[in-house]
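**Student:** model the structure of this input:
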Amino acid sequence: MIVVEQAGDMQARIGQLKRDGWSVGLVPTMGFFHEGHLSLMRAARENDVVVVSLFVNPAQFGPGEDLAAYPRDLERDLKMAESVGVDIVFHPAPEEMYPEPFLTHVDVERVTAGLCGRSRPGHFRGVTTVVTKLLHIIPADRAYFGQKDAQQLAVIRQMVRDLNMDIEVVACPIIREPDGLAMSSRNAYLGDAERRAATVLHRSLREAERLVESGERRATEIEAAVHTVFKDEPLAQLEYIEVCDNIGMQPIAQLEGTILVAVAAKIGGSRLIDNVLLKVED
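**Tutor:** Have a look, this model is predicted:
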């Protein structure tokens, strides 16, 4: 495995690999790897070459968010990436990705309006800008994203379609701890009591799933049930519960087809998200 820090060097390497007929899979990350990240890297092994980008993107953090405190451990991350067969890690400095003056950004409308986009203004502009840059620096055949960040996945799919980007976006399942908590780098912030409380996200989604399986089709009832589960967990502050379509992330009143139930909550000082995809059949 090799580590590349310069964008020009990365472009040249991938360009030569593509000219030689090799397929390339890209896993964009912000590091501090866990089994969820490794599952994306394993999925990307369907390609001849697996590239992981490791970059804590300052553009997707808003004022007062946890950019400075975001967990980092480069040596550990490199060992973990190598253990699952990653070929190249792209690890640029912030000034490499955003040279001064940096005046260009990518915006996706409507899909970014609700859920995390409502509470984190500018977040998705930072995501789409950095992903666009990465897809130019590393023109892969496929890029791998986790379903845990469901809105991010929908936003990137929309951007790729709208801008005619020649890449396949591959969605990979949420990887969970044995008690159901979705794996996240931010779980490292949680104390023992907060860690136990954090399972409320998954428990609330299980209750939503149970209601849908029992025949409930009203979004208001699903949302009310999630609120009830959260009321029993004093360490958790529910930020949102949304029942929406899985493509445009638009709220729906009546459940039909494939729908997304998504939650975000503060547990202590940590903001966590989770979701479940449900196929609603008559």
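
**Student:** now the helices for the stretch 1-150 of the chain?
**Tutor:** Along the stretch 1-150 of the chain, counting by DSSP state H, counting those that start in this stretch, helices occupy 7-19, 35-43, 74-83, 94-97, 115-119, 123-137, 150-162.

**Student:** okay if I get these as TSV plus mean pLDDT, distance to Arg271 and mean neighbour count?
**Tutor:** C-betas here are computed from N, CA, C, even on glycine. What follows is the helices of the stretch 1-150 of the chain, written out as TSV (pLDDT from 0 to 100; distance: least, Cβ to Cβ, whole Å; neighbours: other Cβ atoms under 10 Å):
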stretch	mean pLDDT	distance to Arg271	mean neighbour count
helix 7-19	98	30	15
helix 35-43	98	17	20
helix 74-83	98	22	15
helix 94-97	98	22	14
helix 115-119	96	9	19
helix 123-137	98	11	21
helix 150-162	98	14	20
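
**Student:** can you list the domains in this structure?
**Tutor:** Split into domains by automatic domain parsing, the chain comes to 2-172, 185-275.

**Student:** nearest to Asp282, of those domains?
**Tutor:** Asp282 lies closest, by Cβ to Cβ, to one member of the domains of the chain: domain 185-275, at 7.8 Å.

**Student:** how long is that closest one end to end?
**Tutor:** Its first and final residues considered, domain 185-275 spans 17 Å by Cα to Cα, to the nearest Å.

**Student:** give me the number of residues near Leu235?
**Tutor:** 17 (other Cβ atoms under 10 Å).

**Student:** and the nearest residue to it once chain neighbours are set aside, how far is that from Glu35?
**Tutor:** Excluding the flanking residues, the one nearest Leu235 by Cβ to Cβ, 6 or more residues apart in numbering is Ala197, at 3.8 Å. Distance of Ala197 to Glu35, given as Cβ to Cβ, to the nearest Å: 21 Å.

**Student:** how about the domains of the chain in JSON lines, adding distance to Asp179?
**Tutor:** Shown next, in JSON lines, are the domains of the chain (distance: least, Cβ to Cβ, whole Å):
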{"stretch": "domain 2-172", "distance to Asp179": "14"}
{"stretch": "domain 185-275", "distance to Asp179": "5"}
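
**Student:** my guess is the residue nearest to Leu235 meets Ile267, correct?
**Tutor:** Yes - contact criterion Cβ atoms under 8 Å: Ala197 and Ile267 qualify, at 5.5 Å.

**Student:** check what pLDDT the residue nearest to Val50 when sequence neighbours are not counted gets.
**Tutor:** If the residues on either side of it in the chain are set aside, Val50 comes closest to Ala44, at 4.5 Å by Cβ to Cβ, 6+ apart. Looking at Ala44, its pLDDT stands at 98.

**Student:** distance of Ala44 from Gln158?
**Tutor:** As for Ala44, its distance to Gln158 is 22 Å (criterion: Cβ to Cβ).

**Student:** now do Ser184
**Tutor:** Per Cβ to Cβ, Ser184 is found 23 Å from Gln158.

**Student:** can you check Val212 too?
**Tutor:** Val212 sits 26 Å away from Gln158, going by Cβ to Cβ.

**Student:** beta partners of Gln254?
**Tutor:** Note on Gln254: beta-bridge partners Arg218, judged by DSSP bridges.

**Student:** find me the pLDDT at it, would you?
**Tutor:** You'll see Gln254 listed with a pLDDT of 96.

**Student:** doesn't Ile222 make contact with it?
**Tutor:** No - using Cβ under 8 Å, Gln254 makes no contact with Ile222, being 10.9 Å away.

**Student:** tell me who's in contact with Tyr57.
**Tutor:** Just so we're on the same page, residue 57 is Asn rather than Tyr. Shown in contact with Asn57 (Cβ atoms under 8 Å, 6 or more residues apart in numbering): Met30, Met97, Gly126, Val127, Val130.

**Student:** how does it look with 10 Å?
**Tutor:** 28, 30, 67, 70, 94, 97-98, 126-127, 129-131, 133-134 (Cβ atoms under 10 Å, 6 or more residues apart in numbering).
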